[in-house]
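**Q** Turn this into a model:
(2 chains)
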Amino acid sequence: MTAAHPARRGDLRVALLFLLPAGFGFVLFYAWPALQTFYLSFTDYSLLAAPNWVGAQNYRAAFGDARFGNALLVTVEYVVINIGVQTAVALLIAVLMHRLTKSSLVRGLLLLPYLIANVVVALVWYNMLDAQLGIVNAVLSWVGVDPVAFFGETSTAIPTIALVNVWRHMGYTALLLFAGLQAIPKSVYEAAAIDGASEWRVFRSVTLPLLRPVLAMVLVLTVIGSFQIFDTVAVTTKGGPVDATRVIYFYIYEKAFQQFDFGYAAALSVVLFVILAGLAVAQLRLLRAGSSDLD
Amino acid sequence: MHNKLSKPAALAAAVSLALAGCAGAPGGGSGSSEITYWLWDANQLPAYQACATSFQQANPGTTVKIEQFGWADYWNKLTTDLVAGTAPDVFTNHLNYYPTYAAKNQLLPLDEFVSRDAVPTDVYPEGLADLWTAQDGKRYGLPKDFDTVALFYNKKMLADAGVAEADLANLTWNPQDGGTYEKLIARLTVDANGVRGDEPGFDKSKVAVHGLGLDENNGAGVGQQMWSMYALSTGWTYTDKNPWGTEFNYDDPRFQQTMAWYRGLIDKGYLPSLATARSGSSVNDAFGAGKYALSTNGSWMINAYFGHDGVDVGVAPTPTGPSGKRATIFNGLADSIYTGTDNRDGAWKWVKHLASAECQKTVGEKAVVFPALPEALAVAKETFAAKGVDITAFTKPLDEGATHLFPITDHAPEVAAVMGPAIDAVLTSQADPASLTQANEQVNALFR
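**A** Okay, the predicted model is just below:
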């Protein structure tokens, strides 16, 4: 027992050493900018002149800003479509892979869209979906469907952007879930087979409960990532038509880098931070991510 | 691990070296020095590279390093570099941005240099040089080029419709019935069955060719190549005075009638819906693909429009409006000097060279944009003509006094943030043109 103490302290030292690079990056690139942002959110700051303390004025303005409310709604619409479809599709792909094939070629192919830069994916889809010159509408016209302005119509713009990003991310998400599925012991599936359970019943009563901790983690990460939708909007619709795709990050970007209202943009970022932190905690609680049904 | 630690360390070292380098530089007017120059238009790079070469020959020991970034990156990078103190010595400036930079003391006033070297500022087309005098009365740029808007047309479509090209020089327009201009647009619109927009049985839900193209960009509160040529031809003006107006006039009936007429074209099927225009391709690509017969656009787009294979293109001036005159926005770029430059004299010499007849003629020879100096413009006109492009449609408004300066005000980005969605809402029929009165109040509140 007495010998354990020095050994532990040795562990701590080694652990700190290993944490140092990540910790350095975290403090320099996350913690410090976050604190700066928090400070700037109480100032009037145009970047080119020193910040000016204005108290809670930016926050009061944010709560009266209809466009900010709209941005939150638009973002939530995006997240619901994006995460809903993406999780369902990824789960389906993961289960299919798990039950049918272990081919690394298939896994590689699934990951392909994820390997293409976001901006490239967005621009290629933007061109393919054009109402007048896009290939998708050309194909639709062969089967007698009138052209659809996917990115241009206020009603279809957000669903389109959400589905384009589903296309890019579903393979990656499927692989994460697939890794989770592989951790489920074979014996439970064998037991289910002996009991004569149908494929659906196996999914519902064996796969889903045992996958829950992994699913919870994947959901937390993808939801937070999804809230940060920016690049697809920035290179395609730029927030329009009207305010249909003015998602929260794009709105913050416009305030900061186009209108030089960094104080207000910082306040919006802090509000978003609080929302996302609350969401992550709620998700982890609801999905009991810390415990497994495997024990 | 090693990488993660060493990268920031190397960065820190590089930054401190750079700072040390900067600290050592002032006062070193003689000897070798480098001037960094930024521009955003890749098409103009060869012309300015040629200017730099001749500058370096005339000024041994001084080198000019030209860097080019796309439009969107350009302003983000410039702003952050201004904050970081690493902005280029000289950069191409735009009327939308320079008032902010000037107000934040980021630009070097040129007055002292201009009077010292007796650089003439009255040689440009009227008003062009004045655009660069800020509210404080100081000059922050020397004009390098200018642009106007005109009407591009597809020659074959015109011939198919039985319209003579010469007729396009005398088009009239009014916000009530659109005049002969709208008649032309209707004539050039063709549905999927080959029925023209002015013929009975025209199906506006299945249009194959729209008479007029709609720009993919949101024109915000300016509508430079979208609707400004109509609104301004009614006698309407953006602001109470220009430059530096403080009251916008988006509540004026003449403006709102113009927007109602413009939206009417969409309802009639003569202009594509906003949704179609914004769904992926640019207006000039759709024009090149034969989806539009006419397209209003700026002179900076000449090479794009005339560059389409197999499309015979012509340009006509914008139509004459109720004021009895046609109208176009008259806009120009200039070169500005960063206030934090470590080589003011060198930077000024380069700006002076950029504004000189020698460099302007070089730009004219490349036939990409219109140089600001009339003698260089003549060179450009010849080069464009040699390429089969007659630029008279763009220069005619200058001779007729039909140009209107780009609206220069404070709060330009905020105005755009209000007016962009407001005009979108009108064009998508989500709101009536009368709703622009409320947007106008929002805009004017920025100045109080």
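**Q** all contacts plus neighbour counts: C-alpha atoms, from now on.
**A** Will do.
**Q** Leaving out the residues flanking it, which one is nearest to B:Pro88?
**A** Excluding the flanking residues, the one nearest B:Pro88 by Cα to Cα, 6 or more residues apart in numbering or on different chains is B:Thr36, at 5.1 Å.
**Q** what's the burial count for that neighbour?
**A** The local packing of B:Thr36 (other Cα atoms under 10 Å in any protein chain shown) involves 17 other residues.
**Q** wouldn't it be in contact with B:Val64 here?
**A** Yes. Proximity of B:Thr36 to B:Val64 meets the contact threshold set by Cα atoms under 8 Å, at 5.9 Å.
**Q** how about the residue nearest to B:Gly179 when sequence neighbours are not counted, phi and psi?
**A** Nearest non-adjacent residue to B:Gly179, counting by Cα to Cα, 6+ apart: B:Trp173, 4.5 Å away. Main-chain torsions, B:Trp173, degrees, to the nearest 10: phi -140, psi 140.
**Q** Which element is encountered next along the chain beyond the longest helix anywhere in chain A?
**A** Counting by DSSP state H, the longest helix found in chain A is helix A:66-100. Downstream of helix A:66-100, the next assigned helix or strand under DSSP states H and E is helix A:104-115.
**Q** residues in contact with B:Ile185?
**A** Going by Cα atoms under 8 Å, 6 or more residues apart in numbering or on different chains, B:Ile185 touches B:210-212, B:270, B:294.
**Q** same check, this time on B:Leu158
**A** Applying Cα under 8 Å, 6+ apart, we find B:Leu158 in contact with B:164-165, B:188, B:293.
**Q** Quick check: of the residues you listed, which lies closest to chain A?
**A** Set against chain A, the nearest of those by Cα to the nearest Cα is B:Ala293 (14.2 Å).
**Q** quick one: the closest one and B:Asp160 touch, right?
**A** No. With contacts counted by Cα under 8 Å, B:Ala293 stays clear of B:Asp160, the gap being 10.8 Å.
**Q** more crowded one of these two?
**A** When B:Ala293 and B:Asp160 are compared on other Cα under 10 Å, the one with more neighbours turns out to be B:Ala293, at 26 against 9.
**Q** Checking my notes, that one in a strand, right?
**A** Yes. The assignment for B:Ala293 by DSSP: H, G, I helix; E, B strand; the rest coil puts it in a strand.
**Q** quick one, what contacts the residue nearest to B:Gly179?
**A** Under the criterion of Cα under 8 Å, 6+ apart, the neighbours of B:Trp173 are B:179-182, B:230, B:319-322.
**Q** mind checking pLDDT for it?
**A** According to the prediction, B:Trp173 has pLDDT 96.
**Q** separation between it and chain A?
**A** Going from B:Trp173 to chain A by Cα to the nearest Cα, to the nearest Å gives 28 Å.
**Q** Distance of that residue relative to B:Gly264?
**A** Distance of B:Trp173 to B:Gly264, given as Cα to Cα, to the nearest Å: 14 Å.
**Q** Could you give me the buried positions within the longest helix of chain A?
**A** Counting neighbours by 16 or more other Cα atoms under 10 Å in any protein chain shown, one finds that the buried residues in helix A:66-100 are A:68, A:70-83, A:85-87, A:89-91, A:93-95, A:97.
**Q** and if you look at stretch B:354-370?
**A** By 16+ other Cα under 10 Å, the buried positions in stretch B:354-370 come out as B:354-357, B:359-370.
**Q** what do you get for stretch B:216-227?
**A** Neighbour-count burial for stretch B:216-227 flags B:216-227 (criterion: 16+ other Cα under 10 Å).
**Q** For these, give me a markdown table that also has distance to chain A and secondary structure.
**A** Converted to a markdown table, these look like this (distance: Cα to the nearest Cα, whole Å; DSSP: H, G, I helix; E, B strand; the rest coil):
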| residue | distance to chain A | secondary structure |
| --- | --- | --- |
| B:Glu216 | 10 | coil |
| B:Asn217 | 10 | coil |
| B:Asn218 | 8 | coil |
| B:Gly219 | 12 | coil |
| B:Ala220 | 11 | coil |
| B:Gly221 | 13 | coil |
| B:Val222 | 16 | coil |
| B:Gly223 | 15 | coil |
| B:Gln224 | 18 | coil |
| B:Gln225 | 18 | coil |
| B:Met226 | 16 | coil |
| B:Trp227 | 17 | coil |
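**Q** Does chain B have contacts with the strand or helix carrying A:Leu175?
**A** Assigned by DSSP H and E, A:Leu175 falls within helix A:157-182. No. Helix A:157-182 stays clear of chain B (Cα under 8 Å from any Cα of the partner chain), getting no nearer than 9.0 Å.
**Q** continuing past that helix, what's the next helix or strand?
**A** Heading C-terminal from helix A:157-182, the first helix or strand you meet, by DSSP H and E, is helix A:186-194.
**Q** Name the residues of the next helix or strand along the chain from that next one that are buried.
**A** For helix A:186-194, the following helix or strand on the C-terminal side (DSSP H and E) is helix A:199-202. Using 16+ other Cα under 10 Å as the test for burial, helix A:199-202 gives A:Val202.
**Q** tell me the mean pLDDT over helix A:199-202?
**A** 87.
**Q** So what's the residue count around B:Gly70?
**A** If you count neighbours by other Cα under 10 Å, B:Gly70 ends up with 11.
**Q** hmm, I was thinking of A:Thr156
**A** A:Thr156 is flanked by 17 other residues according to other Cα under 10 Å.
**Q** Do you know the pLDDT at it?
**A** Per-residue confidence (pLDDT) for A:Thr156: 94.
**Q** for the nearest residue to it once chain neighbours are set aside, helix, strand, or coil?
**A** Ranked by Cα to Cα, 6+ apart and with sequence neighbours excluded, the top spatial neighbour of A:Thr156 is A:Phe150, at 5.6 Å. When classified by three-state DSSP, A:Phe150 comes out as coil.
**Q** is it true that B:Val369 touches B:Ser299?
**A** Yes. The pair B:Val369 and B:Ser299 passes the contact test of Cα under 8 Å, sitting 7.1 Å apart.
**Q** Filter the contacts of B:Ile185 down to just the buried residues.
**A** B:210-212, B:270, B:294.
**Q** Looking at these, which two lie furthest apart in space?
**A** Spatial extent of the buried ones among the contacts of B:Ile185 (Cα to Cα) is set by the pair B:Tyr270 and B:Leu294 at 10.5 Å.
**Q** between these two, what contacts are shared?
**A** Counting by Cα under 8 Å, 6+ apart, the common neighbours of B:Tyr270 and B:Leu294 are B:185, B:211-212.
**Q** Backbone dihedrals for A:Ala138, please?
**A** In terms of degrees, to the nearest 10, the main-chain angles of A:Ala138 are phi -60, psi -40.
**Q** On the C-terminal side of the particular helix or strand that has B:His353 in it, identify the next helix or strand.
**A** Taking DSSP H and E as the criterion, B:His353 maps to helix B:344-355. Using DSSP H and E, the helix or strand that follows helix B:344-355 in sequence is helix B:357-366.
**Q** average model confidence for the helix or strand following that next one?
**A** Note on helix B:357-366: by DSSP H and E, the next helix or strand toward the C-terminus is strand B:370-371. In this model, strand B:370-371 has a mean pLDDT of 92.
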